[in-house]
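S.K.: Attaching a predicted model along with its sequence, questions to come.
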Amino acid sequence: MFWKKKDVERKSYDRENEIPVIRSSICTGEQVAGFKNKDTGHFREVMCIRCESDRQQFFTEYGIRPEEIRKEW
């Protein structure tokens, strides 16, 4: 009858070599969350962000504080 809230599985990323980034399209406003390699600039896409709850899920899954995130166009 009562469902137990699922524990959020904590995922990790290479904090020394990658920075969390949200890429946003200038034309459509579509947003994608992922990680950018500091050395090569390669972007690794993790998830599409369609609403604020998706953004919060990204923060929670990877243990990111909102002030750590960078936004790119």
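M.R.: Structure's in. What do you need?
S.K.: Would you agree R23 is in contact with G34?
M.R.: Yes: using Cβ atoms under 8 Å, R23 and G34 qualify as a contacting pair, with a distance of 7.1 Å. In short, each C-beta sits where N, CA and C put it, glycine included.
S.K.: Convert the C-alpha atoms of whichever strand or helix holds F58 to PDB, please.
M.R.: When secondary structure is defined using DSSP states H and E, the element that contains F58 is helix 52-62. Output of helix 52-62 as PDB, limited to C-alpha atoms (Å, rounded to 0.1, in the frame of the first residue of the first chain):
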ATOM      1  CA  GLU A  52      13.400  22.300 -13.300                       C
ATOM      2  CA  SER A  53      12.900  18.800 -11.800                       C
ATOM      3  CA  ASP A  54      15.300  17.400 -14.400                       C
ATOM      4  CA  ARG A  55      17.900  20.000 -13.400                       C
ATOM      5  CA  GLN A  56      17.500  19.100  -9.700                       C
ATOM      6  CA  GLN A  57      17.800  15.400 -10.600                       C
ATOM      7  CA  PHE A  58      21.100  16.100 -12.300                       C
ATOM      8  CA  PHE A  59      22.400  18.000  -9.300                       C
ATOM      9  CA  THR A  60      21.300  15.200  -6.900                       C
ATOM     10  CA  GLU A  61      22.600  12.300  -8.900                       C
ATOM     11  CA  TYR A  62      26.100  13.700  -9.300                       C
END
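S.K.: Now that helix: buried residues?
M.R.: Within helix 52-62, the residues scored as buried using 16 or more other Cβ atoms under 10 Å are R55, F58, F59, E61, Y62.
S.K.: so what secondary structure elements neighbour it?
M.R.: Counting contacts by 3 or more Cβ pairs under 8 Å, 6 or more residues apart in numbering; DSSP states H and E, helix 52-62 packs against strand 31-37, strand 43-49.
S.K.: Which helix or strand lies directly C-terminal to it?
M.R.: Note on helix 52-62: by DSSP H and E, the next helix or strand toward the C-terminus is strand 70-72.
S.K.: what are the bridge partners for F43, then?
M.R.: With DSSP bridges as the criterion, the beta-bridge partners of F43 are K36.
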